[in-house]
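Engineer: Here is my input, please return the structure:
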Amino acid sequence: MSFAPVPRPAFVLHSRPYKETSALVDFLTPEGRLRAVLRGARGKAGAVARPFIPLEAEFRGRSELKTVGRLEAAGIPNLLAADALFSGLYLNELLIRLLPAEDPHPELFEHYRATLPLLAAGRPLEPLLRAFEWRLLDELGYGFSLDTDIVGQSVAPDGLYRLLPDAGLEPVADLQPGIFHGADLLAMSQADWSAPGALAAAKRLMRQALAPHLGGRPLVSRELFMNRKEPTRD
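Structural biologist: Down below sits the predicted model:
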């Protein structure tokens with residue numbers, strides 16, 4: 001895919017130094033995830049080349065590695081702190097790890113753009129993360145039904161199910177490790193997070209669903225979150 005030098009919305013997912021004064025930046029755009037060299041990264045453009053800031057960017061080049069022609073802020077920065085910051089870094093890492101380069105996903109871009117202000121506003125994190133994980137899986141073709149099992153039967157509230165990542169939900173007879181209750185799955189299908197146990201079950205389900213696509217490598221953002229320092233108490 002070649003990019004004409006026209007402005008397009010973008011977000012920085014990750015940036016690292018490149019050569020003497022440049023940066024190698026992973027961007028999310030409606031046209032997909034792309035990597036580009038940002039020259040003069042210590043100047044004005046480098047000041048806005050940070051995660052969670054709505055940007056307007058121009059990219060040049062026909063190869064997989066683009067060059068940033070212009071980069072400007074295009075909205076109010078989403079100021080994430082504490083657990084919301086770790087959550088935003090987690091979303092960025094998922095996109096870098098799972099989203100193929102230059103594969104357009106405009107609806108996923110809009111979902112990401114809508115999620116960041118909610119994180120910044122202090123909305124409950126777990127529903128936002130589960131919704132984004134689900135959208136990402138669905139966009140990549142890895143989604144599955146939450147209210148129908150692999151043989152086409154409706155999920156029963158009192159049933160037990162296990163996830164087959166490449167197929168969907170399989171009914172089982174006995175409670176085993178990693179099993180899901182039908183009532184929790186049905187609550188997830190309706191995004192009813194008031195149902196007891198639904199959020200915890202959704203977290204387990206998304207971890208199981210994402211694991212085969214992460215290649216066995218742990219997520220750095222998840223490790224950072226788990227190892228974060230607890231606030232000092234006087």
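Engineer: how about the strands of the protein, start to end?
Structural biologist: For the chain, the strands defined by DSSP state E occupy 8-18, 22-29, 32-38, 55-60, 65-73, 160-164, 168-172, 180-181.
Engineer: Among those, single out whichever gets nearest to residue 190.
Structural biologist: strand 180-181 (14.7 Å; C-beta to C-beta). Any C-beta I mention is one placed from the backbone N, CA and C, and that applies to glycine too.
Engineer: quick one: low-confidence parts of the chain?
Structural biologist: Scanning the chain for pLDDT under 70 picks out 1-5, 44-45, 228-234.
Engineer: Can you give me the domain assignment for the chain?
Structural biologist: 8-73, 82-219 (automatic domain parsing).
Engineer: how about the helices in the chain?
Structural biologist: For the chain, helices defined by DSSP state H occupy the ranges 44-48, 82-98, 106-120, 125-139, 182-189, 198-210, 220-226.
Engineer: And the ones you listed: which comes nearest residue 156?
Structural biologist: So among the helices of the chain, helix 182-189 is nearest, using C-beta to C-beta, at 4.8 Å.
Engineer: Next, the buried residues of the closest one.
Structural biologist: 182-188 (16 or more other C-beta atoms under 10 Å).
Engineer: before we move on, the earlier item: which one of the helices of the chain is the most hemmed in?
Structural biologist: helix 182-189 (a mean of 20; mean count of other C-beta atoms under 10 Å).
Engineer: my read: residue 99 touches residue 112, true?
Structural biologist: No. Applying C-beta atoms under 8 Å as the test, residue 99 and residue 112 come out as separate, 10.2 Å apart.
Engineer: anything in contact with each of the two?
Structural biologist: Listed as contacting both residue 99 and residue 112 by C-beta atoms under 8 Å, 6 or more residues apart in numbering are residue 28.
Engineer: any idea how far the spatially closest residue to residue 41 that is not a sequence neighbour is from residue 226?
Structural biologist: Leaving aside its chain neighbours, residue 41 sits nearest to residue 23 (3.7 Å; criterion: C-beta to C-beta, 6 or more residues apart in numbering). Distance, residue 23 to residue 226, using C-beta to C-beta, to the nearest Å: 28 Å.
Engineer: ok, now residue 40?
Structural biologist: Distance, residue 40 to residue 226, using C-beta to C-beta: 37 Å.
Engineer: End to end on stretch 91-105, go ahead and measure it.
Structural biologist: End-to-end span of stretch 91-105 (C-alpha to C-alpha, to the nearest Å): 15 Å.
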